[in-house]
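K.L.:
Sequence first, then the predicted structure, then my questions.
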Amino acid sequence: MIQLDRICFRHGSTEILKDISMDFAAGERTILLGRSGSGKSTLLRLINQLLIPSSGSIHYQQLSAKSIGFVSQQLGLFPHRTVAQQITRFLPDPKQFEELVTPLGISSDLYHRYPHQLSGGQKQRVALARALAHDPTVLLLDEPFSALDPLLRRELQDLILTLRKTIVFVTHDLREALRLGQTLVFLREGRIVFNGPPSELPSAEDVEVKAYLRTLDL
């Protein structure tokens, strides 16, 4: 569905991504892992066309800009719009509002609240609902649950597992990656050092991937 062909990205003299080639299969959940600064979020922004590759190309099979939904780390909610306004402005038909938000756990008492009146978990749900409002084929999630408590994080992970979409999900949390991912991609210093199913992770040779695996013993 999405193919990256020898993608490089530079910011000034710094090369952030180096020779990235990979495919994102239709209907599959791909998890991007790696330390801060490894290039995960940059890669997500390139896929979402918020950045332009310095070299290489990205091929989209039968996808338009409206086919991609994006939830950033900052969530990007409009401070002057209510929950209902945040979401309905992206809905093709406003009558679909309750059908969309109810499964996401957004109750009617939240509809007329503003972002500053919401908890962290409620904001996450609204950002996810907004990203899903135009029924995108691809959903890009940049560490969407990093600031949440474990119980709420688990609840929203369960929600992600119900979505029948192509999902690219950035996280630092290997346990989260193993729970959600069908394909895991590790980045280190802008390069892919592992790309495969979770079952192949124990045989990975990269030292940083091995270090991540040791965190599961804690």
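P.N.:
Arrived safely.
K.L.:
Shouldn't R164 be within a helix?
P.N.:
No. R164 sits outside any helix when classified using DSSP: H, G, I helix; E, B strand; the rest coil, being coil.
K.L.:
quick one: it from R29, how far?
P.N.:
As judged by CB to CB, to the nearest Å, R164 and R29 stand 10 Å apart. Backbone N, C-alpha and C define where each C-beta goes, glycine included.
K.L.:
Between those two, tell me which one has more neighbours.
P.N.:
Remark: of R164 and R29, R29 carries more neighbours, 22 against 6, as counted by other CB atoms under 10 Å.
K.L.:
show me what contacts that one?
P.N.:
Going by CB atoms under 8 Å, 6 or more residues apart in numbering, R29 touches 160, 167, 169, 180-183.
K.L.:
and the protein, what are its domains?
P.N.:
The chain is divided into the following domains under automatic domain parsing: 2-63+138-217, 81-136.
K.L.:
you'd agree D19 is up against R6?
P.N.:
Yes. Using CB atoms under 8 Å, D19 is in contact with R6, at 5.5 Å.
K.L.:
which neighbours do the two share?
P.N.:
By CB under 8 Å, 6+ apart, the residues touching both D19 and R6 are G56.
K.L.:
how far does stretch 119-130 sit from the chain's center?
P.N.:
Offset of stretch 119-130 from its chain centre (CA atoms, centre = their mean, to the nearest Å): 14 Å.
K.L.:
For V170, see how far away R179 is.
P.N.:
R179 is 15 Å from V170, by CB to CB.
K.L.:
So which elements touch the least confident helix or strand in the chain by mean pLDDT?
P.N.:
The least trusted helix or strand in the chain, going by mean pLDDT, DSSP states H and E, turns out to be helix 150-162, with a mean of 88. Helices and strands touching helix 150-162, by 3 or more CB pairs under 8 Å, 6 or more residues apart in numbering; DSSP states H and E, are helix 120-132, helix 174-180.
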